[in-house]
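>>> what's the 3D shape of this:
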Amino acid sequence: MSMVGTDSHLVTPGEAMEKLLANQVALVTGASSGIGYGVAKALADAGAAVVVNYHSHAEAAEQLVSEIETAGGAAFAVQADVSDPAQVEKMFAACRARFESVDIVVANSGLQKDSAFADMTLDDWQQVLATNLTGQFLTAQAAVKEFRRRGPRPASKALGKIICMSSVHEVIPWAGHVNYAASKGGVQMFMKSLAQEVAPERIRVNSIAPGAIRTPINKDAWDTDAALEKLLKLIPYRRVGESEDIGKAAVWLASDESDYVVGTTLFVDGGMTLYPGFDDNG
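Purely as a prediction, here's the structure:
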């Protein structure tokens with residue numbers, strides 16, 4: 001019995017018992033670095049064939065593909081700007097051409113363009129919203145259409161799974177980052193509304209909201225002892241998160257282990273959303 005994958009990687013029934021995501025295909029947008037890289041790696045480790053989307057870092061994306069294949073998995077990289085509907089459609093066409101369909105879609109692509117509000121340019125506002133929010137809309141819309149086209153298959157109880165990458169800043173205001181915080185606040189209600197609409201079709205939509213994760217996008221917040229000490233005051237668990245923490249959460253949300261979890265934001269933040277500034281002022 002051959003399973004999803006390429007001729008060079010067929011998953012056996014024995015492997016299927018060991019891997020939560022065996023015989024499934026996952027697409028991760030913005031997977032060439034940071035959280036996306038960690039999520040794609042974790043999904044591959046859990047048995048999924050992985051489509052590694054990138055915008056402008058081809059070498060890093062191909063490096064991840066090589067790591068996955070060296071470990072015995074199946075993967076390929078595809079370039080696309082998720083804010084462009086034509087490129088999103090081509091990305092899904094590439095998934096179908098290589099792996100026939102897709103079961104798990106992680107809408108992870110995101111960026112920051114920070115500035116004080118009065119100095120923020122319209123371009124910086126629109127660019128962040130285009131990638132962080134419109135990009136999730138286009139990716140999720142294409143995913144829903146693909147799940148419906150393909151129909152159910154035995155690898156998963158759900159018809160398909162969508163994981164939106166949000167942030168603790170979907171609920172925590174962030175001065176100096178109004179475009180980013182607005183985009184993530186939008187992701188929260190986008191995810192919940194979409195989940196409500198497609199749940200009757202057994203399409204599960206959820207979000208992950210990372211807190212402070214050690215990635216290049218926020219290097220200034222943890223790269224020195226002074227910066228790290230300041231950051232840890234915001235994290236009751238007293239450690240900075242790693243991309244692997246988000247990857248493990250994504251595996252669980254994408255698996256049948258969470259089949260009854262629908263329309264939920266999973267905060268992976270070491271307690272940052274507990275508002276630790278009030279810990280001695282109760």
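>>> for this protein, which spans come out with low pLDDT?
Within the chain, the ranges that satisfy pLDDT under 70 run 1-18, 222-223, 282.
>>> Please enumerate the strands of it.
25-28, 49-54, 75-79, 104-107, 160-165, 203-210, 265-268 (DSSP state E).
>>> can you tell which of these is closest to Glu197?
Ranking these by distance to Glu197, with Cβ to Cβ as the measure, places strand 203-210 first at 8.7 Å. C-betas here are computed from N, CA, C, even on glycine.
>>> Can you point out the buried residues in the closest one?
203-210 (16 or more other Cβ atoms under 10 Å).
>>> now these in a markdown table, with distance to Ala58?
Converted to a markdown table, these look like this (distance: Cβ to Cβ, whole Å):
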| residue | distance to Ala58 |
| --- | --- |
| Ile203 | 31 |
| Arg204 | 31 |
| Val205 | 30 |
| Asn206 | 30 |
| Ser207 | 28 |
| Ile208 | 26 |
| Ala209 | 29 |
| Pro210 | 25 |
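>>> Spell out, range by range, the helices that occur in the stretch 101-250 of the chain.
Per DSSP state H, counting those that start in this stretch, the stretch 101-250 of the chain carries helices over the ranges 122-129, 135-150, 178-198, 225-232, 243-254.
>>> Neighbours of Gly110, how many?
Gly110: 25 surrounding residues under other Cβ atoms under 10 Å.
>>> if I look at it, how far off is Phe92?
19 Å (Cβ to Cβ, to the nearest Å).
>>> The nearest residue to Asp45 once chain neighbours are set aside: neighbouring residues, count only.
Nearest residue to Asp45, sequence neighbours excluded (Cβ to Cβ, 6 or more residues apart in numbering): Ala71, at 7.3 Å. For Ala71, the neighbour count with other Cβ under 10 Å is 11.
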